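In: Got a predicted model here, sequence first, then my questions.
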Amino acid sequence: MTHPHQELLRCRNLGRRYAGVPALADIELSVRAGEVLAIVGENGAGKSTLLKILSGVIPPSNGSMQIADADGVLRSVQLQSVRDATRAGIALVHQELNLAENLDIAGSIFLGREPARLGFLDLHAMRANASKWLARVGLNLDPTTPCDALAIAQRQLVEVAKALSCEARILILDEPTSSLSAREADRLLEIMADLRNQGKAVIFVSHHLDEVLRIADRVMVLRDGQCTGILERGTYDRDSIERLMVGRSIETNQPRPVRQDAAVRLRVTELVGAHHRKQPISFAVRAGEIVGLAGLVGAGRTEVLEAIAAITPHHGHVELDGAPLSGNTAARVRRGVAIVPEDRARNGIFAAGHVSMNMSLAWIDRNSRARTVNTAAERAIVSQMMDRMQLRPAEPSRLVHTLSGGNQQKSVIGRWMAIGPALLLLDEPTRGVDVSARAEIHAEIRRLADSGSSVLFASSELEEVLMLADRVIVMHDGGIAGELTAHEATEVAIMHLATGGEPAPARPRGTAHEHGSEYGTSS
Amino acid sequence: MKKSLGILGIFLAVCVVASVFGQNFLTGYNLMNLTQRTSLFAIISLGAGLVIITGGIDLSIGSVVCLAGITTPWLLVEHGWSPWVVIPVVLIGSALIGLFHGVLITRLRLQPFLVTLCGLLLYRGVARWMTSDQSQGFQGEFAGVRSIALAKFPIPGLDTYQLPATVIPLIVLSVAIAVFLHRTVWGRWLLATGRNESAARYSGVPTAWLITMAYVACSLLAGVGGMLFIFDIGSAQPSDFGNFYELYAIAAAVLGGCSLRGGEASVFGIVIGAATLQVLRTAIILLGLSSQLEFAVIGAVLLIGVTTDELIRRYSVRRSERKIA
Amino acid sequence: MKKSLGILGIFLAVCVVASVFGQNFLTGYNLMNLTQRTSLFAIISLGAGLVIITGGIDLSIGSVVCLAGITTPWLLVEHGWSPWVVIPVVLIGSALIGLFHGVLITRLRLQPFLVTLCGLLLYRGVARWMTSDQSQGFQGEFAGVRSIALAKFPIPGLDTYQLPATVIPLIVLSVAIAVFLHRTVWGRWLLATGRNESAARYSGVPTAWLITMAYVACSLLAGVGGMLFIFDIGSAQPSDFGNFYELYAIAAAVLGGCSLRGGEASVFGIVIGAATLQVLRTAIILLGLSSQLEFAVIGAVLLIGVTTDELIRRYSVRRSERKIA
Amino acid sequence: QADLIAAQKARIADFKKAPKAKPHLAFVSNGVADFWTIAKAGATAAGKELGCQVTVEFPGGGLGDQKRMLEDLVTRGIDGVSVSPIDPTNQAEILALIAEKSLLITNDSDAPKAPRLCYIGMDNYDAGVMCGKLAREGCAGGEVAIFIGRLEQDNAKRRRQGFIDGLLGRAADATRYDEPGKVITEAGYTIVGTWTDSFDRAKAKANIEDVMIKHPKLALMTGLFEYNSTLAVEVLKQTGKLGTVKLAAFDEGAEVITAIKDGSVLGTVVQDPYGYGFESIKLLHALNQGDMSMIPANGIISISAKVIRKDNAEAFWKDLKAKIKAGKEATAKP
Ligand SMILES: Nc1ncnc2c1ncn2[C@@H]1O[C@H](COP(=O)(O)OP(=O)(O)OP(=O)(O)O)[C@@H](O)[C@H]1O
Ligand SMILES: Nc1ncnc2c1ncn2[C@@H]1O[C@H](COP(=O)(O)OP(=O)(O)OP(=O)(O)O)[C@@H](O)[C@H]1O
Ligand SMILES: [Mg+2]
Ligand SMILES: [Mg+2]
């Protein structure tokens, strides 16, 4: 047994270079049993790189690691693979989703660690066990459900269940809450607190400082691959962290005046999507208006956005600027519809393409002459957009899969910002984007709306919905549960509608400052 | 299972047409022949299926069939080796070929298509060079060894149908592979690797090893197939023996529900896929069609079959949707 | 470009070996023959490359070569049609074949491998049936049309080397395709579709249409190639004309840097890939190696070539990393 | 064409003054088969005997392949070529090219319109007739099936037609052509059909099995390519019908000869591929020495086929084995 406060992991002088360029340097870190360590930093600061090294996904370029053995003695290790790390009691939830979708939930959870006798699967034990872990993360699904039928948030929870089921001494989570809505995220924080109380160590990355403030015992701040400080609980607040992250504190946006009289651009009547068929949906968005779709995981927001863009088939009527919107996605994009998908890795980026190609793809046809790409204009617009989106490193010829997750997201949004679409559909627009860049992206979205475009976005972060939306449509179980103006919209009101009129949950996200202490520290 | 319903439908349709319009389709002798040929082709198709599960492809199957098939009588007859030595040597050789492919694909990360295309050229070339383009046969001897493929077991109650011995390896292999895929840890791992290699690797699955083993199994089964083919046929010419068999094998696997994107397979489907191809070829003769039409008929039937299957599937999905709505 | 350095190295190595050890490799006559053959094969390889970019595959190339090639003299000689009618008819027919593939693949979402495999069987079958398996040729006539492929242009200053006319379509097509891929909107879209079809769809790219067009282009180029082949050879047999050409075409494309996973291509690489295969075949004869060895040598050289290329690449990456560190 | 022949003859006349010391000669087949490996043995043996360099090429990929190999031989500066053209009527250019740059003779399959100096071989129609007569002697009537690798090459068509005409006792007429798909009922025989397999032996075997199912009363079959006969013996043996269903074979497959020896196969018609190879090289060598005396007036050196029956099977087999062995040794030590 490990004792509380005992050191489980120690890193010395850890560094990692990609093609000679350092992504991480001189990291000194020690992790103790019974603590929650948060790692924060801007996009591309090296957080994921550090976590990948700790969990054996990639080897460090230099430096050493020591892990406590069963007797609690630190021993030097060189993790060659994930397998080694698992054996050493370390489990990781990746930033990008990574499931073999041809397996069922139980199969995914126990992949690589299947209960077996002489190599033969014990399916019964596997399913029973899987149910246990699903219940733990609050995912109310049959463990035999195939993974390719799951929504992205559900997949994220399956990954968490998978990591929990390793019963590792050190659990590492890379932006685990980024695709979860308030209730699930909340539950996950509770689980992390539980693990801490059981004497395990939890390391997690988040761009939501409120989460960090609420639960972390220590906070490690990374900036440009360097550690700019490790703060003990009680010695920091939001402002001091931000200062260490970006060198200044971040301004939040001011509320903006909304024009109530503008013409309706998008009108959706009796929309029925492919999966939720019970409740037809109708609503409208005016020119210059930013409408937020709120709801719990699986409420059907993604489905609405994808139906409007004709990614998935739908019944019902969609109208843009008074004319019916029909045809396939390409035809609708030509009409000025733009969509930023929720599943970035699968539907957003061209991993093997460079940033410039990724960002220009959607609009190269608009400034082409005789369908010939105007490369000079392309280069100019791309670098301008990279700048506006704060995409780092600012190299247009860089391959997108070598960017950090948040920067990949910026490349996907930046793709559309350059052309000012008539209707911008965003699904989790700032997933994985750091605080300062998020403010910048929000400003861009507002600027776009100010120029007369309509914006419809879905977000699981209430904070984002409240900050950005002029009007909030709350969805529940595939239908519209209610609409709130910016004035009416509060966390409590939204959660009330989102849960189908049940009493609002006690701890919606974004109210961390007040409730943080409830979890206490293990000291 | 659901995936193989389509091919089962095509198979049954072809059988019905052949028995209604063809001469003597439903005779014991014909069914016996069909069983024999299906067994031989299904064995190599199973190998193709295993590789396809990993998202790879093996184009060298036909050439390995050729090399293994040619080497067997070459060693037995020309060099006078004992069958007890020849069979293990040929099988081990085939497995080594697969190992070679697997290593190049997983360690050097070369494209499977390229590696096995080179294999396609190389092994046939070696077979031709080794035998100086001379056809190899058993010259009427070695009836004992050949009975591995030629023996027929009378079935009580059935008059003219006798069970060909090659069914035994087919059944054993099918069951073993099906159990392997769906009941063992490694089968799971293989399926997961095929669908999302990095997810499997991050879960601690030894993906490189599994992929290598899939190629080993594929070449080994091609070697087994080659040997059974030559035992059955009696002689072969290195320049044409096994030509295009990789396409038949891959076609059987794909018809049987394997996706070339990897991660999906149905052993039952593969066997039915292989059977369909054989029944089609026989049906053309029994229906009295010109053998010039063979290719055209097989191509057209398969195309119509898979298209119909897909249309039916869509229609039924749409109907069930409408019902719920 | 970087992707095609490997194949360029292999190509140069083969050329050096052939000219040092072979008889008369560097004669104008031989180089002229090689240019001619390379042009023909490169044209169909370009088509294969376009389909490979989309992440698909076209196995029917050889059969389309056969059908288009056989139909040309069949219509001209047997049916006495005018060349002004025959050429458009054959080309339109080829394009329609591609359209058929594209529609099945994008609308019905059938696997490209399966659709084009059926095509492989079907079109060859049709060619055989149409001609009753009789070889078709120009019987010494139609020198005018045939000069499309047979004309040679003397080059001032060069004595024995004359530029074969087939180089012209090759150059035109290569430049057009290179410009198309890297400079036009559609080319960008096609590459993006190959990299990630679903992301391309989210970006408003008409993916289904583009993929269909890639298949149309591929079959059309196979049709052009088939016509040029038969103009060049003079006659062909439906049962073997174009056999395995799809493999040569795909091999050339893959050697030239196309990834079968899609989204990558180099027109220059494809042409060099096609040239390498032709030089290899000729080198075997000029070196006086037995034609039995042809397959073995091609397979072995390609395998050694790509392996070496990969090892060099790894070594240089490692060295450059060490230098910076 | 006459010009090209004259030009070749003029070159030969020049050789009389300055004979080529060690000419480089080529023998090109029309495909890959055992038949051609025997021919290769003949060609190599002749090359060794006469002291000239011999290259033997087997085009495995049809017409295009043959054209390519011939062009490459011209590149090598070949001194004489003996080729079995796959499609002589349409191969005028390449044959003319060889005649222009080298010396051209044909073997196995003639190209009378091409500028070839001589043809070495026999008419496949006549060989077919021999096989047909052999079958007619051994089987008085009934259903007959024909198996052949493929029908599109000229020699295959002629061989098949010869077999039909010989079997049915028609007057010889090489220009006659019976459609392969048609059932012919004549002179007490019913020819139920002709089946091809494109050289796929598993398919060839399946063809024989399937036809025996379709026509259970089959009285006679013939396999007109070597492996067709070999597989026919194989299938008849496996079904226990060897001897009951008569077989008139073609070419010298080992299994066929064995079966002839024990009397269960009527006999086989063998050509003399060894002779094709040997005589080709011998003639080309003589031409390179300026000696045109070997070319007969009609331009055809006839090497006729033989019928092998139970009585001469043993002797034929021994002779053949010895020749192949000699040819192999010649290749091994050039
Ligand atoms: N495979 C790679 N090749 C080259 N550079 C890479 C690669 N992977 C990551 N990098 C670089 O390493 C740096 C750190 O990336 P990392 O993913 O660790 O950032 P992060 O802190 O997790 O950011 P985010 O919050 O956006 O997820 C980035 O500059 C990134 O571009
Ligand atoms: N391909 C599919 N097959 C079956 N069901 C699906 C599929 N895609 C989505 N669903 C289901 O439809 C419901 C709505 O999903 P949707 O993704 O629209 O929800 P959401 O509100 O966007 O939630 P999230 O926060 O998870 O994105 C979910 O319950 C999901 O399980
Ligand atoms: Mg990250
Ligand atoms: Mg969603």
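Out: Received it, and whenever you're ready, just let me know what you need. Ligands and ions are numbered 1, 2, ... in the order given.
In: Show the model's pLDDT score for residue 276.
Out: Reading this off chain A. pLDDT, residue A:276: 63.
In: wait, I meant chain D there
Out: Note for residue D:276: predicted pLDDT of 94.
In: And for it, the neighbour number?
Out: By other Cβ atoms under 10 Å in any protein chain shown, the residues close to residue D:276 number 27. Every C-beta, even on glycine, is put in place using the N, C-alpha and C of the backbone.
In: For it, give me its contacts.
Out: Listed by Cβ atoms under 8 Å, 6 or more residues apart in numbering or on different chains, the contact partners of residue D:276 are D:39, D:42, D:82, D:107, D:108, D:120, D:121, D:303.
In: go on, residue D:300?
Out: Contacts of residue D:300 by Cβ under 8 Å, 6+ apart are D:110, D:118, D:119, D:120.
In: Likewise for residue B:30?
Out: Per Cβ under 8 Å, 6+ apart, neighbours of residue B:30: B:24, B:282, B:286, D:210, D:213.
In: do you know how far the closest residue to the first one other than its chain neighbours is from residue B:162?
Out: Counting by Cβ to Cβ, 6 or more residues apart in numbering or on different chains, the nearest residue to residue B:24 once its immediate chain neighbours are dropped is residue D:213, at 4.9 Å. Residue D:213 sits 15 Å away from residue B:162 when distances are taken as Cβ to Cβ, to the nearest Å.
In: Ok, residue D:292 next?
Out: 65 Å.
In: Check the stretch 151-300 of chain B for the residue nearest chain C and tell me.
Out: Distances between the stretch 151-300 of chain B and chain C by Cβ to the nearest Cβ are smallest at residue B:296, namely 2.5 Å.
In: Can you report how many residues lie near that residue?
Out: Neighbours of residue B:296 (other Cβ under 10 Å): 22.
In: quick one: the helix or strand containing it near ligand 2?
Out: Element membership of residue B:296, judged by DSSP states H and E, is helix B:294-324. No. Helix B:294-324 lies apart from ligand 2 when judged by Cβ under 6 Å from any ligand atom; the minimum separation is 11.7 Å.
In: Off-centre distance for stretch A:79-87?
Out: 26 Å (Cα atoms, centre = their mean, to the nearest Å).
In: So for that stretch, what gets flagged as buried?
Out: By neighbour count with 16 or more other Cβ atoms under 10 Å in any protein chain shown, stretch A:79-87 contains the buried residues A:79, A:82, A:83, A:84, A:85, A:86.
In: Now narrow the residues you listed to whatever sits close to chain C.
Out: Among these, proximity to chain C is found for none (Cβ under 8 Å from any Cβ of the partner chain).
In: tell me which of those is nearest to chain D?
Out: Distances from chain D to these, taken by Cβ to the nearest Cβ, are shortest for residue A:83, at 45.1 Å.
In: Report the contact partners of residue B:229.
Out: Applying Cβ under 8 Å, 6+ apart, we find residue B:229 in contact with B:40, B:65, B:69, B:149, B:236, B:241, B:242, D:202.
In: could you redo the last one with a cut-off of 6 Å?
Out: Residues counted as contacts of residue B:229 (Cβ atoms under 6 Å, 6 or more residues apart in numbering or on different chains) are B:40, B:69.
In: which is the next helix or strand following the helix or strand containing it?
Out: In this assignment (DSSP H and E), residue B:229 forms part of helix B:207-233. With elements assigned by DSSP H and E, the helix or strand that comes after helix B:207-233 is strand B:235-236.
In: what about that next one, distance to the chain center?
Out: Chain-centre distance of strand B:235-236: 19 Å, with Cα atoms, centre = their mean.
In: Within the sheet, what are the partner strands of it, with directions?
Out: The strands that strand B:235-236 pairs with in its sheet are strand B:136-137 (antiparallel) (by DSSP bridges).
In: After the partner strand, which helix or strand is next? Please name it.
Out: For strand B:136-137, the following helix or strand on the C-terminal side (DSSP H and E) is helix B:143-150.
In: Flag every buried residue along the following helix or strand past that next one.
Out: Using DSSP H and E, the next helix or strand after helix B:143-150 towards the C-terminus is strand B:152-154. By 16+ other Cβ under 10 Å, the buried positions in strand B:152-154 come out as residue B:152.
In: Give me the contacts around strand B:152-154.
Out: With contact meaning Cβ under 6 Å, 6+ apart, strand B:152-154 is reached by B:162, B:163, B:164.
In: Restricted to strands, list those.
Out: Judged by DSSP state E, the contacts of strand B:152-154 include B:162, B:163, B:164 as members of strands.
In: For the second one, the count of nearby residues, please.
Out: Residue B:163 is surrounded by 16 other residues when neighbours are defined as other Cβ under 10 Å.
In: Tell me who's in contact with it.
Out: B:153, B:155.
In: how about a cut-off of 7 Å?
Out: Contact analysis of residue B:163 by Cβ atoms under 7 Å, 6 or more residues apart in numbering or on different chains lists B:152, B:153, B:155.
In: Angles on the backbone of residue 225, please.
Out: Defaulting to chain A. Residue A:225 has phi and psi values of phi 80, psi 0 when expressed as degrees, to the nearest 10.
In: That was the other one, I meant chain D.
Out: According to degrees, to the nearest 10, the main-chain angles of residue D:225 amount to phi -110, psi 160.
In: Would you confirm that it contacts residue D:149?
Out: Yes. Counting by Cβ atoms under 7 Å, residue D:225 does reach residue D:149; the two are 4.1 Å apart.
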